[in-house]
Each structure stands twice: as structure tokens, then as C-alpha cells.
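J.: sharing a model that was predicted from the sequence below.
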Amino acid sequence: MSDPRLSPLATDSDEVDVKKDVDHIEKSIELADPRTAALQAEADWIRSLTPEEFDQHQKKLLRKIDIRLLPTLFILLILNYLDRNALASARVQGIEKDLGMKGNDFNIAISILFAGYILGQVPSNLILSRVRPSIYLSGFVALWGAVSACTAAADNFTHLVVIRFFLGVTESPYFPGAIFLLSAWYTKKELALYTGSLLSGAFSGLISAGVQGGMDGLAGIASWRWLFILEGAITVAAAIAAAFILPDYPATTKWLNDKEKAIAIYRLEKDTGVKDDDTMTLFQSFKTAVVDYKLWLLAMIIVTKTTAGAVTQFIPTVVNTFGMNKVTTLLLTAPPYLVAAVLALAISWSSDRRPERCYHLLAPIVFGMVGFIIAATTKATAPRYFSLFLMVGGLFGSYNVALAWISSTFPRPRAKRAAAYATINSLGNIAQIWSPYLYDSSFGPSYTIAFVTNTIMSAVAVLFCLILRWCLARENRKMEREEAEQTEMAQEGASARIRYVL
């Protein structure tokens, strides 16, 4: 049986006519940027393909894109979260004592990053829709790696806060930009398999444990300083390589030939029924996104999930309450992320295969709620550690599905999709500014207030998942009624509108 993602021409009927649909790409190429004019000649070639031939060419294209795009973004995403979350591990390694931090200083250092992170996302994604992603994203990856490495030079709390703010600014383009770039190449049914952030949590604990055990005091430098130096240097090196590996957009990627470009454009337009252009101004694209009520429902889901998910910034702190030594504490932070990564793959695969989003998103959140309830009601080591698996697996095992739901709800045009991604992600990360204060050291070792708040936020996220599903189902029914009323026009060649994924 062929891979479902390799058949964008498939409809409810077994019979598909490429020739009938090729006008879609032909028309869009005529209206596109002059750089894509050379693709006009390939419309006739696509018209001549049988469905089987099209699938063969598409399979070859996807292999070429997969091998360059997915591993590169995957590695960079791991580094993104490693550099961002290194401070949580550094706390166990003694950064607070070395920098004279006290009271809420650590919480401030966590939250200030997201102030810079939020400010940069929307303008960055709007710019990204008009520049070369391979250079733009790689450039910012190198910048944040350099800024992260500068943390090793911090001598006091003020230095740390300034560095963390600019780390947030330089990191802000990557995550929404990476998701946006994926949506420029993959269809709605292909976007949920993305688990790098979870593996980064596992690697963070393992790397930190290795540095703590083998490099603490080396050359007179504390282990937490080595942690930032090593992770920052690796990030800069990866960014340089990524600039030569990442693709740009389907019509402008230099290492694709014209036939491959035409196939890439066509399969996405067939999937969404809309041309992926950038004819809107920056203000128009932002306005079009924010006046869409679906953006705010998705934002509420992400805000509440992110509030509850902020526990990941403090998992080393929670595990530290178990009374183990530093290396053991850091090692124990890895297993919950590894299990969550496996769950994310399984949940994403199931969500893509059906395709279905709502229940694949809310069901894991319910398990996360159970984890928060366990953590709020006991301080015993075994059940608390088990609760971490439920928290991380529940809140982040389904995060890929949330991102895929955004993409399928705002498929095209390119500028609106970019604005939607950045706006939702920015609003979601507002929670990261205030949620660290739920984990003030004065609330330890129970952190009951944090876990009760997370339980409530998870319940609200479930509620908004159901509301969004109901709204999208209503939109689908409305499209069905309108098409039923225009049956005669449809018979004359009007194309069916693409339905929302529920």
C-alpha cells in the first residue's frame, strides 16, 4: 500500500485526473513572482502525468526534501531548547550561589527571556515570508548560540538578566519560523511529526550530568559555565552548516530543478485549494490573521497549555527535592522526556493517519492533569517522579498536534499563515513570563500552588479544544450547504472547498 502522504491527488473517488486539476498550478504560476515564471512550461508536463507517475515524482521530491529539511530543523530545535533550558540545569549546578542570586532572582531570569522572545516573533515571521529562510533562520541560530555562550561570562545577576533578554530576542525567529517553513513544504496531513523539543529535554539532563561529573572545575571554570560554552559553540557550528542545507521556498530553492519546483507547488495547492502567495502587505497579513476568531481560540489552547507546560523549566528543581546528588538529579530529568518523545511520535502518527486533531490533543492533556493532581497531593518520591512522566507526556506529547492544527486551520496564503503562527506562539509564551513565579523557592518542596494552577489550566485547554472543534465543524457544514446550493456551478468546473481538519 502506498504512503497516504504521497497521494495529494486522492479524493473520495478512486479515480483521479491530474489533467483536470493542473489548471490550478498553471493559473497560479502565471500570477506568481517573476522568479517563478520559468515554471510555466512545467504545467504542460504535469498535465501529461498519470496519477501513478505523479506519485513517483512526488515520492522522489519528498525524499530529497525530507533528508535536508527534517533532520536539520530537528537538530536546530534540540539546540534551541537546550540553550533556552540550560539555566534550569545550571541551577542544580550552583549558578545561584556563584552569581549571588536570592529570592525571586532565578524566576526573573527565566521569565525575562520570554519578554524578548515574545517581542521578536510576529515581526520576524512577517519578514521571513519575504526572505530566504535558509539564511535568515541560520543567521539567528548562530546569534543565539553566541549569546547563550556569553552566559558563561556572567559575573552577577544583572549580567545574567541582560544576556537572557537578548537570548530571547535572538531565539524568537526560530521556532515559529521553523514551523512556518515546514508548512511551506508539507501538506496538512504531514505536519504533526515533530518531536525535537522533547528530546532536547532528555539531552539537556544527560549533557548537564556529563558536564557536572567530568568538567566541574576544569581549567578553574565551574561546570555550569562549561555547559553554556559547549552548548553555545555547538549551536554556532550547526547554524553554519544549516545555511548550506536548508531549503528556501518551493519556487525559489536553488537545488531543485524546475520540474521538482512545479511538483512542490502543485501538491500544496491541491492540498489547500489556495495559492501560497505573498501579495499581502505586512500590515494586511497581520490584520487578516488577528480578526479571525479561530486564531484566538487556538491562542487560548496554547496559552493554557504553555502555562501548565512551564513545569519543564523547573523539572530539575522538582527532582532536586528528592534529595539526590547533583549528577543523579540531572540524570533523573531525562527519562520523562524520552517517554514523552515516544508518545509524541505515536500520537502524531495516529493524528496524521486519521486525520484528526481535537481528541488527539485533549486526551493527552487529561493525563497531564492527572499528573498535576498526583504531584499536588503527595510529596513521596515515587509517585511524584511518576507524575513527571504524566505531566511531560501529556502536555508535550500532544504539542505537535496543536501546531499541526494551527497549520491546517490557517493553510494559505503564506503571509497570513506566518502572522498566525507568530501571533499564537507569542500569545502562548506570555504565560512563560509569569508562570515561573509559581515555582518560587518559598513554595517548595511541595509547589502545591503551581500544580493546582496547572490542573486548572489543563482543564481550560480541554474546554477550548472542544469549542474550536465545534466551530470548525460548523464551518465545514456551512461549506457543504453552500456547495449543495451551487451544484450546477460545480458541475461546470467549480472546485470544491477544502474542509477544516477537526
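T.: Perfect, I can see it now. Small disclaimer: the values here were computed from a predicted structure and weren't measured. Numbering: from 1, shown residues only.
J.: ok, for residue 143, nearest residue in space, not its chain neighbours?
T.: residue 170 (4.3 Å; C-beta to C-beta, 6 or more residues apart in numbering). Quick note: C-beta positions are derived from backbone N, CA and C, even for glycine.
J.: just checking, that neighbour touches residue 147?
T.: Yes: counting by C-beta atoms under 8 Å, residue 170 does reach residue 147; the two are 5.3 Å apart.
J.: related to what we said a few turns ago, for the residue nearest to residue 143, give its distance to residue 318.
T.: 28 Å (C-beta to C-beta, to the nearest Å).
J.: now do the SS call for residue 499.
T.: The three-state label given to residue 499 by DSSP: H, G, I helix; E, B strand; the rest coil is coil.
J.: correct me if wrong: it contacts residue 476.
T.: Yes: the pair residue 499 / residue 476 is scored as a contact, 4.9 Å apart, by C-beta under 8 Å.
J.: and for residue 343, the neighbour number?
T.: 21 (other C-beta atoms under 10 Å).
J.: renumber starting at 812 from here on
T.: Okay, residue one is now 812; in that scheme the one you just asked about reads as residue 1154.
J.: identify the residues contacting it.
T.: Contact analysis of residue 1154 by C-beta atoms under 8 Å, 6 or more residues apart in numbering lists 1175, 1204, 1208.
J.: who wins on neighbours among the residues you listed?
T.: Busiest of these [other C-beta under 10 Å] is residue 1208, holding 29 neighbours.
J.: still on that earlier bit, which element is the residue nearest to residue 954 on?
T.: helix 968-982 (DSSP states H and E).
J.: and the next element down the chain from that helix?
T.: In N-to-C order, the element after helix 968-982 by DSSP H and E is helix 985-994.
J.: how much distance is there from that following helix to the middle of the chain?
T.: Centroid separation for helix 985-994 versus its chain: 7 Å, with C-alpha atoms, centre = their mean, to the nearest Å.
J.: likewise stretch 1172-1192?
T.: Taking mean C-alpha positions (C-alpha atoms, centre = their mean), stretch 1172-1192 and its chain are 23 Å apart.
J.: how close does the nearest residue to residue 1121 once chain neighbours are set aside get to residue 985?
T.: Nearest residue to residue 1121, sequence neighbours excluded (C-beta to C-beta, 6+ apart): residue 1246, at 3.8 Å. According to C-beta to C-beta, residue 1246 stands 21 Å off from residue 985.
J.: then residue 1078?
T.: Taking C-beta to C-beta, one finds residue 1078 at 26 Å from residue 985.
J.: then residue 1266?
T.: Residue 1266 is 31 Å from residue 985, by C-beta to C-beta.
J.: count of neighbours near residue 1031?
T.: Residues near residue 1031, counting by other C-beta under 10 Å: 6.
J.: where do the helices sit along the stretch 1112-1261 of the chain?
T.: 1126-1131, 1137-1143, 1145-1164, 1169-1188, 1192-1207, 1210-1220, 1225-1240, 1242-1245, 1259-1296 (DSSP state H, counting those that start in this stretch).
J.: quick one, which of those gets closest to residue 946.
T.: helix 1225-1240 (16.6 Å; C-beta to C-beta).
J.: what number of residues lie near residue 1184?
T.: Around residue 1184 there are 17 residues (other C-beta under 10 Å).
J.: thinking again about what came up before, got the contact list for the residue nearest to residue 1121?
T.: Applying C-beta under 8 Å, 6+ apart, the residues near residue 1246 are 922, 1117, 1118, 1121.
J.: how near is it to residue 881?
T.: 31 Å.
J.: now residue 1251
T.: 39 Å.
J.: go on, residue 1121?
T.: 28 Å.
J.: and if you look at residue 1192?
T.: 38 Å.
J.: what about these two, which has more around it?
T.: Between residue 1192 and residue 881, counted using other C-beta under 10 Å, the more crowded position is residue 881 (16 against 13).
J.: what's the more buried one sitting at in phi/psi?
T.: Here is the backbone geometry of residue 881 (degrees, to the nearest 10): phi -60, psi -50.
J.: can you check the one 10 residues further on too?
T.: With angles defined as degrees, to the nearest 10, residue 891 shows backbone torsions of phi -60, psi -50.
J.: the closest residue to it other than its chain neighbours: neighbouring residues, count only.
T.: Spatial nearest neighbour of residue 891, excluding adjacent residues (C-beta to C-beta, 6+ apart): residue 985 at 5.4 Å. Using other C-beta under 10 Å, residue 985 has 24 neighbouring residues.
J.: where in the protein is pLDDT low?
T.: Where the chain drops to pLDDT under 70, the residues are 812-852, 854, 999-1016, 1082-1093, 1222-1225, 1298-1308.
J.: can we see that at 50?
T.: 812-845, 1003-1004, 1304-1305 (pLDDT under 50).
J.: wouldn't residue 1237 be in contact with residue 927 here?
T.: No: with contact defined as C-beta under 8 Å, residue 1237 does not reach residue 927; the gap is 11.4 Å.
J.: and the two? Which one has more around it.
T.: Neighbour totals were compared for residue 1237 and residue 927, and residue 1237 leads with 22 against 17 (other C-beta under 10 Å).
J.: any idea how far that one lies from residue 1231?
T.: 11 Å.
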